[in-house]
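A.B. asks: Build me a model from this:
(chains A and B)
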Amino acid sequence: MDAMRPSPHLFENMHMAAPTIICSSTATNAMVSFLTMNAVTVSCSNRLSSKHSASKRMMPGRSFMVAILTFTDGIQHCFDMFVALLPKGLYSPWDFSIWMVSIKNAVSEKMVGKTVQVRGWVYRTRSSGGIAFVVMRDSTGIAQVTVKKGSVPDEDFVSATDNGIESSAIVEGTVAEDKRAPGGYEIRASRFILVGKAEPFPITEYQSTELLLDLRHLWIRSREQTAIMRIKDSLLRGARNWFHENDYTEVTPPIITGVAAEDSTSLFQIKYFDRIAFLSQSAQFYLESLIFSCDKVWALTPSFRAEKSRTPRHLAEFWHLEMEAAWLTNEENMQVQEQMVTAMLHNVADECPDELAMFKRDPAALKKIVPPFDRMPYGEAMQYLQGKGFDMSWGDDLGAVEERELTKDRTIPMFVVNYPKELKPFYMKENPDDPRTYKNSDLLAPEGFGEIIGGSERETDNELILERLREKGEPLENYSWYLDLRRYGSVPHSGFGLGTERIVTWICGLDHIRDAIPFPRTVSRVFP
RNA sequence: GCCGUCGUAGCUCAGUCGGUAGAGCGUCCGCCUGUUAAGCGGAAGGUCAACGGUUCGAACCCGUUCGACGGCGCCA
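C.D. replies: Next up is the predicted model:
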């Protein structure tokens, strides 16, 4: 059984207590219970190690990838029991005689000369009679696996040469430094076990937008799409952490609703039992209700817009990050926005330098984005654009072209504040310094990108709200509960909504917002 | 809602003046023990988006429909 015991010096630079057992598996409830009962500490050895505490990821039923299990005592006994708990049929005894590592960890200096096992998918295959070069990928990276005839069982050599792109496989081999290998390291295989042989993969090196959208469920395996998802994950964690640290309560507003938050935007209608309801286009009204108990709230929910938009900035379904707080002025609202956005950007700069590099985005440059952001009144923006030759006057909206002009030479986001009332929805608070305008702001991302946040102080005077609703011909009964909020202990309050996919699109420099979400919903796309 | 572009092999595309279908990649078969989007030899693979019209003859010209993509507006 000594062969099954990992050599203790392998992870010596990872500050792990010896003895350790390394395995890769999917955690089952039984396994997690076992680990807990035996006071086993668990750490992840892949890229998650520095960013996530293993305890958070080891909740019952959650999966984990590569774990280092440090048993407090009785290692062999624990190991045997642990193996007995593993899902049947997935593991053969030799699975545990070598080091199961992520591909990124496998092809590295510290593993040279070590025998490793990696699991992943075939990225590319080249074979030449007696030798095959199989580039494998997993969630952490890619590595060339060299498979020589005679160095592996015959059936393994067949597997290495006769598979398709995206076949899944388990590879065992020795890590070697080799200048001829992409990246400088390769795995010289002693086993190559095909787990799931892939049919000819429909995505080849020539790809059209249309094909990639039709095969979205397969295209999201690409390295670029994977990096985008990681960046989105990191940006959202940055926001969530910021809200938590600043005493905001995360709340869960409804998705099905009976009222339009912004009259101008069309809603998706759904059949709701024996009547009609709508998919929410904003949680704002519900968040406004919740500030009376929670004071400062935020939510991340899908929002739906039935506009037949055909632009690189719009989705029919997007993830809306919204915040609302009592006693908050619009100036304070903007301070929240610039601090939260900064937290998002700094978090992704810390967590995702490799992913950002794929999009030529410099983490150090993101770190230079700090509050305060410029605040430019609408009137001033108008004058600036007129000076640039734009033929427009007071009351004209800032469209994509105008926002591009305002931000193209900037590296830090900017606010445009106090828009004319006719351009914005009824619930905003009148600006006492210029009653033609509201106390509102749009946050424009730099580099010509444009709007990522819209926010405002909210109107608290029901008479003014009713007047505006009547002007727009809105059925007042839809707003009865919203008006109630002003009847029982109304307070000044403000909030905003951020388009999650918009900030991802900006940070990654994407051509189109649909790549900022795994399964984009647009006017022409609901499949896959 | 408005403006524009495009539908030819599994994929990316070419197809001249209207004369009956081409390439590369992929796939399949064979060769090759250091490939880097490997290479070499061979093979299979098409209702030219659909429908209608003009013509002796249509992938090509005309019309309609469908689908997709690009831009504007709406917004986040």
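A.B. asks: Is the top strand by length along chain A positioned near RNA strand B?
C.D. replies: Longest strand of chain A, by residue count under DSSP state E: strand A:115-128. Yes: using Cβ under 7 Å from any atom of the strand, strand A:115-128 comes into contact with RNA strand B via A:124, A:126-128. Bear in mind the C-beta positions are built from the backbone N, C-alpha and C, glycine included.
A.B. asks: Now that strand: buried residues?
C.D. replies: A:115-123, A:125, A:127 (16 or more other Cβ atoms under 10 Å).
A.B. asks: what's the closest of these to RNA strand B?
C.D. replies: A:Ser127 (5.3 Å; Cβ to the nearest atom of the strand).
A.B. asks: So what sits opposite that closest one in the bridge?
C.D. replies: A:Ala132 (DSSP bridges).
A.B. asks: Verify the contact between it and A:Thr161 for me.
C.D. replies: Yes: with contact defined as Cβ atoms under 8 Å, A:Ser127 counts as touching A:Thr161 (4.4 Å).
A.B. asks: can you tell me how far the residue of the stretch 301-450 of chain A found nearest RNA strand B sits from A:Arg191?
C.D. replies: Relative to RNA strand B, the nearest point of the stretch 301-450 of chain A is A:Gly399 (2.2 Å; Cβ to the nearest atom of the strand). A:Gly399 sits 60 Å away from A:Arg191 when distances are taken as Cβ to Cβ, to the nearest Å.
A.B. asks: Neighbour count: those two, which is higher?
C.D. replies: A:Arg191 (19 against 10; other Cβ atoms under 10 Å).
A.B. asks: Doesn't the more buried one belong to a helix?
C.D. replies: No: judged by DSSP: H, G, I helix; E, B strand; the rest coil, A:Arg191 forms no part of a helix; its state is strand.
A.B. asks: Was I right to think it contacts A:Val171?
C.D. replies: Yes: using Cβ under 8 Å, A:Arg191 is in contact with A:Val171, at 6.8 Å.
A.B. asks: What helix or strand is A:Gln207 located in?
C.D. replies: Using DSSP states H and E, A:Gln207 sits within no helix or strand.
A.B. asks: what residues does stretch A:363-372 touch?
C.D. replies: A:335, A:338-339, A:341-342, A:345-346, A:348-350, A:352-353, A:356, A:411-413, A:507 (Cβ atoms under 8 Å, 6 or more residues apart in numbering).
A.B. asks: swap the cut-off to 7 Å and go again
C.D. replies: A:338-339, A:342, A:345-346, A:348-349, A:353, A:356, A:412 (Cβ atoms under 7 Å, 6 or more residues apart in numbering).
A.B. asks: looking at these, which has the most residues close by?
C.D. replies: For the contacts of stretch A:363-372, the largest number of neighbours (other Cβ under 10 Å) sits with A:Val348, at 28 neighbours.
A.B. asks: about what we covered before: and which of the buried residues of strand A:115-128 is nearest A:Asn462?
C.D. replies: A:Trp121 (59.4 Å; Cβ to Cβ).
A.B. asks: In this structure that closest one contacts A:Arg137, no?
C.D. replies: Yes: under the criterion of Cβ atoms under 7 Å, A:Trp121 makes contact with A:Arg137 at 5.6 Å.
A.B. asks: All the helices of the stretch 351-500 of chain A, residue numbers only.
C.D. replies: A:353-358, A:363-367, A:378-387, A:400-407, A:462-471, A:480-487, A:500-508 (DSSP state H, counting those that start in this stretch).
A.B. asks: how about the strands in the stretch 101-250 of chain A?
C.D. replies: A:115-128, A:131-138, A:141-148, A:168-177, A:185-196, A:249-250 (DSSP state E, counting those that start in this stretch).
A.B. asks: what would those look like in TSV with mean pLDDT?
C.D. replies: Putting those into TSV (pLDDT from 0 to 100) gives the following:
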stretch	mean pLDDT
strand A:115-128	90
strand A:131-138	95
strand A:141-148	95
strand A:168-177	93
strand A:185-196	94
strand A:249-250	98
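A.B. asks: Of those strands, which is nearest A:Ser282?
C.D. replies: Of all the strands of the stretch 101-250 of chain A, strand A:249-250 comes closest under Cβ to Cβ, at 16.7 Å.
A.B. asks: elements contacting that closest one?
C.D. replies: strand A:296-304 (3 or more Cβ pairs under 7 Å, 6 or more residues apart in numbering; DSSP states H and E).
A.B. asks: Show residues contacting stretch A:352-360.
C.D. replies: In contact with stretch A:352-360 (Cβ under 7 Å, 6+ apart) are residues A:224, A:227, A:230-231, A:234, A:348, A:363, A:508-509.
A.B. asks: pLDDT on it, on average?
C.D. replies: Averaged across stretch A:352-360, pLDDT comes to 95.
A.B. asks: So which bits of it are buried?
C.D. replies: Buried-residue list, stretch A:352-360, by 16+ other Cβ under 10 Å: A:352, A:355-356, A:358.
A.B. asks: With stretch A:241-258 instead?
C.D. replies: A:242-243, A:248, A:251, A:253, A:257.
A.B. asks: tell me how far that stretch is from the chain's mean position?
C.D. replies: Chain-centre distance of stretch A:241-258: 17 Å, with Cα atoms, centre = their mean, to the nearest Å.
A.B. asks: And for stretch A:370-382?
C.D. replies: Using Cα atoms, centre = their mean, the offset of stretch A:370-382 from its chain centre is 29 Å.
A.B. asks: how close does A:Gly120 sit to A:Gly183?
C.D. replies: Applying Cβ to Cβ to A:Gly120 and A:Gly183 gives a distance of 15 Å.
A.B. asks: Sorry, slip of the keys, the one I care about is A:Leu345.
C.D. replies: Taking Cβ to Cβ, one finds A:Leu345 at 29 Å from A:Gly183.
A.B. asks: Any chance of the backbone angles for the residue in chain A sticking out farthest from the centre?
C.D. replies: Distance from the centre of chain A peaks at A:Gly150, with 44.6 Å (Cα atoms, centre = their mean). Per-residue torsions, A:Gly150: phi 100, psi -20 (degrees, to the nearest 10).
A.B. asks: distance of the closest residue in space to A:His244 that isn't next to it in sequence from A:Tyr206?
C.D. replies: Computed as Cβ to Cβ, 6 or more residues apart in numbering, the closest residue to A:His244 that is not its neighbour in sequence is A:Glu250, at 7.9 Å. Using Cβ to Cβ, A:Glu250 is found at 44 Å from A:Tyr206.
A.B. asks: now do A:Gly454
C.D. replies: Distance from A:Gly454 to A:Tyr206, by Cβ to Cβ: 40 Å.
A.B. asks: The two: which has the busier surroundings?
C.D. replies: A:Gly454 (19 against 6).
A.B. asks: Distance check, that one against RNA strand B.
C.D. replies: Per Cβ to the nearest atom of the strand, to the nearest Å, A:Gly454 is found 3 Å from RNA strand B.
A.B. asks: where does the stretch 1-150 of chain A dip in pLDDT?
C.D. replies: For the stretch 1-150 of chain A, the stretches flagged by pLDDT under 70 are A:1-100.
A.B. asks: which parts of the stretch 401-528 of chain A sit against RNA strand B?
C.D. replies: Looking at RNA strand B, the residues of the stretch 401-528 of chain A close enough under Cβ under 7 Å from any atom of the strand are A:401, A:403, A:423, A:425, A:450-454, A:497-499, A:501-502, A:511-513, A:522, A:524-525.
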